[in-house]
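Student: need coordinates for the following:
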Amino acid sequence: NLISPPASLASAFNNIQETHFGMGEKISPFDVASSYNNFYEFGYGKGDPAKRADNFKTDPWTITVEGEADIVGTFALEDIINEHQLEERIYRLRCVEAWSMVIPWVGIPLAKIVKQFKPLSKAKYVRFETIHDKENMIGQRYRILKWPYREGLTIAEATNPLSILAVGIYGYALPNQNGAPLRLIVPWKYGFKGIKSIVKMS
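Tutor: Numbering: from 1, shown residues only. Okay, here's the model as predicted:
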């Protein structure tokens, strides 16, 4: 089901800017994009995330920013998101397993988020970390991966105009199984780079 954003982000979702990215692409059906994906925190089957993510709580949500930057600390998600204009970008999500989907993402250029926290000149990379929640993320009870999941980009990749932090799909908030409430989208890389349910940026 399409999900309305929390009240704290409602004004941002009421003002989504359309862009030229992906215009003309045939968009994948929402029911497919929301029921067939990898999110190993909920299990390694493609249907596991949609079946097991209902009880995962994403509101309220905080992001910790640390490392070589002028502005660090722990911030409410809405205090980061509401500083920016949400955009819709239609990108093809490609999986290393040889499948893909065309999805209208709602998010913010990652370059703007990086700039917001004023990284120092010595910062060369941006590292992201997902939440560690064994109670609700059943997959984290098993050694599928070393938890919590982490991913990284160079500063150049993070500030590339194509990289975004997504908070929605199809004009609505991200469903839990798709990485709510905040995930990374780097359209020229395979989907495993698109870390979901981000709680930390370094």
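
Student: dump the lengthiest strand in the chain to PDB, keeping only the CA atoms.
Tutor: When the chain is parsed with DSSP state E, its longest strand is strand 100-109. Extracted C-alpha coordinates of strand 100-109, given in PDB (Å, rounded to 0.1, in the frame of the first residue of the first chain):
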ATOM      1  CA  SER A 100      16.100  -4.200 -12.700                       C
ATOM      2  CA  MET A 101      13.100  -1.900 -12.000                       C
ATOM      3  CA  VAL A 102      12.300   1.700 -13.000                       C
ATOM      4  CA  ILE A 103      11.100   3.600 -10.000                       C
ATOM      5  CA  PRO A 104      10.100   7.200  -9.400                       C
ATOM      6  CA  TRP A 105      12.100   8.100  -6.300                       C
ATOM      7  CA  VAL A 106      11.400  11.100  -4.100                       C
ATOM      8  CA  GLY A 107      14.400  12.600  -2.400                       C
ATOM      9  CA  ILE A 108      17.100  15.200  -2.100                       C
ATOM     10  CA  PRO A 109      20.400  15.400  -4.000                       C
END
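
Student: and the helices in this protein, which stretches?
Tutor: Secondary structure of the chain by DSSP state H: the helices cover 10-13, 30-33, 48-52, 77-81, 110-116, 155-158.

Student: make a markdown table from those and add mean pLDDT and mean neighbour count to it.
Tutor: Quick note: C-beta positions are derived from backbone N, CA and C, even for glycine. A markdown table is the format used below for the helices of the chain (pLDDT from 0 to 100; neighbours: other CB atoms under 10 Å):
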| stretch | mean pLDDT | mean neighbour count |
| --- | --- | --- |
| helix 10-13 | 96 | 16 |
| helix 30-33 | 97 | 14 |
| helix 48-52 | 96 | 20 |
| helix 77-81 | 97 | 20 |
| helix 110-116 | 97 | 18 |
| helix 155-158 | 98 | 16 |
